[in-house]
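# I would like the atomic coordinates for the input below:
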Amino acid sequence: MKLFLLLALLGLTGCVAQPASNNSPNSPETRPVGSGDFRAQIHTDLAANYFLRAQYAIALQELAEALRTDAGYAPAYNMLGLVHGELREDQRAEESFRHAIERSPQFSEAHNNFGLFLCQRKRMKEARPHFETALANPLYASPEKALSNAGACSLEQGDLVTAEMYYTRALRRAPNHASARLGLAEVQFRQDRWLGARVLLRQLTEQAEVSAQALWLGVRIERRLGDREAEANYGAQLRRRYPESMQTQWLITGQYDQMGSLL
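As a prediction, this is how the structure comes out:
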């Protein structure tokens with residue numbers, strides 16, 4: 001699964017890092033909008049579209065043009081961070097995210113994306129302040145994303161209490177947020193609250209297309225509860241939909257203790 005794929009736009013589940021357009025409520029607002037900003041926004045938006053199609057070289061060209069037009073355009077640096085992160089050019093990605101934040105300290109989407117980037121590189125302690133900074137901005141239009149990502153980061157650390165807190169807050173903000181519901185189900189499973197995990201997962205499967213990680217969680221939940229028919233059903237879906245996934249390999253080899261990551 002692509003590290004920074006815009007799953008929300010594609011109708012899938014998972015933790016997301018999403019480029020923000022300059023006309024969104026959470027975009028940088030500290031600089032006046034002029035003709036340079038407008039042209040930079042166009043090139044940045046084009047780059048985001050190419051990023052979605054995995055056309056990274058063209059995305060980089062558009063971002064270079066955006067920054068030639070306006071060298072201080074924070075959303076372009078944020079988008080650069082996403083592209084370089086996907087290419088595993090970590091130093092360039094980090095520099096780009098930091099440039100975005102330096103130019104617009106309250107740019108919540110850049111803080112969210114940088115926090116997720118750090119967490120995926122196992123730098124959890126550095127990630128959390130960026131999620132909190134994103135959430136502190138009252139103009140942030142989609143705080144559930146930062147809350148869900150912070151939950152996934154806490155879950156990766158094994159901090160189930162903090163993960164549950166973040167996921168619960170995300171669902172209060174956006175009751176249908178798929179990645180938060182999956183994360184909370186995973187938390188409850190790891191706390192041996194299997195019936196609660198089952199309810200959350202079934203709610204998820206009714207409202208969104210399920211990921212390999214969700215189906216694998218279903219296998220493990222039903223195995224714990226002793227419902228062999230439901231376990232087999234989840235397993236069959238996993239084999240059919242995601243035959244090349246690591247979760248399918250775990251199923252085939254009977255590695256039921258493998259949990260996977262929601263990052």
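# Now do G158: how many residues are near it, please.
Neighbours of G158 under the rule other Cβ atoms under 10 Å: 9. In short, each C-beta sits where N, CA and C put it, glycine included.
# Next one, pLDDT for it please.
At G158, the predicted lDDT confidence score is 95.
# Kindly report the same for L82.
98.
# same thing with the one 4 residues further on?
On the pLDDT scale, E86 is placed at 97.
# I'd assumed F51 was in contact with it.
Yes: at 7.4 Å, E86 and F51 qualify as touching, with contact defined as Cβ atoms under 8 Å.
# Tell me which of these two has more neighbours.
F51 (24 against 18).
# Tell me how far the helix or strand hosting that one lies from the chain's centre.
For F51, the host element (DSSP states H and E) is helix 35-52. The chain centre lies 21 Å from the centre of helix 35-52; the measure is Cα atoms, centre = their mean, to the nearest Å.
# Could you list the buried residues of it?
Within helix 35-52, the residues that qualify as buried are 36-37, 39-41, 43-48, 50-51, counting by 16 or more other Cβ atoms under 10 Å.
# now it: mean pLDDT?
Here the average pLDDT along helix 35-52 is 93.
# And that helix, what does it pack against?
Here helix 35-52 touches helix 56-69, helix 74-86, going by 3 or more Cβ pairs under 8 Å, 6 or more residues apart in numbering; DSSP states H and E.
# OK, contacts around R98?
F114 (Cβ atoms under 8 Å, 6 or more residues apart in numbering).
# Could you rerun that using 7 Å?
Under the criterion of Cβ atoms under 7 Å, 6 or more residues apart in numbering, R98 has no neighbours.
# How about Q106?
Residues counted as contacts of Q106 (Cβ under 7 Å, 6+ apart) are N137.
# Sounds good, over and out.
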